[in-house]
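Colleague: Predicted structure and sequence below. I'll ask about it afterward.
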2 protein chains.
Amino acid sequence: MMKTSYRPIGTIHSPFSEVEDMPIQSTGASKILGFVEILPELAEGLKDLDGFSHIILLYHFHRVRESKLMVVPFLDSQPHGVFATRAPTRPNPIGLSVVRLLSIDRNILHIENVDVIDGTPVLDIKPYVPEFDHHPADRVGWLEQARDKVQSKRSDGRFR
Amino acid sequence: MMKTSYRPIGTIHSPFSEVEDMPIQSTGASKILGFVEILPELAEGLKDLDGFSHIILLYHFHRVRESKLMVVPFLDSQPHGVFATRAPTRPNPIGLSVVRLLSIDRNILHIENVDVIDGTPVLDIKPYVPEFDHHPADRVGWLEQARDKVQSKRSDGRFR
């Protein structure tokens, strides 16, 4: 199949310079502040985004060096297929985080609940809309036993 | 900034062969069936995904030919910055849909609530987990006036 090629639209800045000891999801990154710097020539595309309280960031896991089909995720001690996890060592290392949007100053987005490493290249930004993005998921597989650990669990160095 | 390059992991199949008259979100695609065919050499990565009722599909809007910074979305008559919309004519045309996972047969995922055009290349699949993916969004900007139209609105040919 044809490869797709994307040019990052900007960079995510956060307090995290290393992949260890980070929140593993934005829902566990309460009060963590950061900002997204969008290329100035794309700033027009941000018009009216400031009306939304939450945004979806799609980004490139730039610190990941390999892809694995089976992984032991942070929230379990057993291996699972990588597509059944949110681990970064994926065939296409694309990350997804929903963060709170505090304000926009020209091409700078000030954000909260940041679970992303500093310097991460952003591929896309979308508004988060409950009518589009809330789904009545009634089964969460192997994660069932770990639902209550999501907010407190921190990363280690297993995915690089 | 360095370009990122991804090789699709498979293809989404759906009843929609044209971009017109489609549901505009998966929440408006109730009962629409389809399937995802994953490259056989990546099928191991699907292990344990069948425990999840919903999955996130990230895909390439392969029918889009141009990028626009300002768009008039399906749900409004006024232009907005493309990053404040879910329109496909984005600088990096990456789509996101959450669909119901019915079953997995080796490298074939049978799915429901499909709002994607037939033949779409898939970039990534992630499990949908309320503890990660539900966020208390209290402001939805320009979409506030259109929240009740999400399920019934259909696409037209404006984005190509």
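Modeller: Okay, I see it. All of these numbers come straight from a predicted model, not from anything done at the bench.
Colleague: mind listing the strands for chain A?
Modeller: Here chain A has its strands, by DSSP state E, at A:4-6, A:10-13, A:33-38, A:54-60, A:70-71, A:80-81, A:94-105, A:108-112, A:120-127.
Colleague: What residues sit buried inside the longest one?
Modeller: Right, the one you point to is strand A:94-105. A:94, A:95, A:96, A:97, A:98, A:99, A:100, A:101, A:104 (16 or more other Cβ atoms under 10 Å in any protein chain shown). Placement of C-beta: from N, CA and C, glycine included.
Colleague: tell me the centre residue of chain A?
Modeller: Among the residues of chain A, the one closest to the centroid is residue A:97, at 3.0 Å (Cα atoms, centre = their mean).
Colleague: Do you know the pLDDT at that residue?
Modeller: The confidence metric pLDDT takes the value 96 at residue A:97.
Colleague: dump the residue contacts of residue A:60.
Modeller: A:8, A:93, A:94, A:95, A:120, A:121, A:123, B:4 (Cβ atoms under 8 Å, 6 or more residues apart in numbering or on different chains).
Colleague: Pull the number of nearby residues for the last one.
Modeller: Residue B:4 has 20 neighbours, counted by other Cβ atoms under 10 Å in any protein chain shown.
Colleague: Bridged to it, which residues?
Modeller: On the basis of DSSP bridges, residue B:4 is bridged to residue A:6.
Colleague: Hmm, residue A:94 is touching residue B:123, no?
Modeller: Yes. Look at residue A:94 against residue B:123 with Cβ atoms under 8 Å: they come within range, at 6.1 Å.
Colleague: what residues are up against residue A:66?
Modeller: Taking Cβ under 8 Å, 6+ apart as the criterion, residue A:66 is in contact with A:89, A:160.
Colleague: How much space separates it from residue A:82?
Modeller: Using Cβ to Cβ, to the nearest Å, residue A:66 is found at 11 Å from residue A:82.
Colleague: what's the overlap in contacts for these two?
Modeller: In contact with both residue A:66 and residue A:82: residue A:89, using Cβ under 8 Å, 6+ apart.
Colleague: Looking at the strands of chain A, which is nearest to residue A:25?
Modeller: Nearest to residue A:25 among these is strand A:94-105; the distance by Cβ to Cβ comes to 7.7 Å.
Colleague: for the closest one, packing partners?
Modeller: strand A:54-60, strand A:108-112, strand B:54-60, strand B:120-127 (3 or more Cβ pairs under 8 Å, 6 or more residues apart in numbering or on different chains; DSSP states H and E).
Colleague: go again using 10 Å as the cut-off
Modeller: When contacts are defined as 3 or more Cβ pairs under 10 Å, 6 or more residues apart in numbering or on different chains; DSSP states H and E, strand A:94-105 packs onto strand A:10-13, strand A:33-38, strand A:54-60, strand A:108-112, strand A:120-127, strand B:54-60, strand B:120-127, helix B:130-133.
Colleague: before we move on, the earlier item: what sits in contact with each of residue A:94 and residue B:123?
Modeller: Common contacts of residue A:94 and residue B:123, defined by Cβ atoms under 10 Å, 6 or more residues apart in numbering or on different chains, comprise A:6, A:58, B:6, B:58, B:94.
Colleague: any chance of those in CSV, plus pLDDT?
Modeller: Below are the shared contacts of residue A:94 and residue B:123 laid out as CSV (pLDDT from 0 to 100):
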residue, pLDDT
A:6, 97
A:58, 98
B:6, 97
B:58, 98
B:94, 98
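Colleague: For chain A, spot the helix or strand the model is least confident about on average.
Modeller: helix A:130-133 (a mean of 91; mean pLDDT, DSSP states H and E).
Colleague: close to chain B, is it?
Modeller: Yes. Shown here: helix A:130-133 in contact with chain B (Cβ under 10 Å from any Cβ of the partner chain) through A:130, A:131, A:132, A:133.
Colleague: in that helix, what's buried?
Modeller: A:130, A:131, A:132, A:133.
Colleague: Which member of those residues is positioned nearest residue A:78?
Modeller: residue A:133 (29.0 Å).
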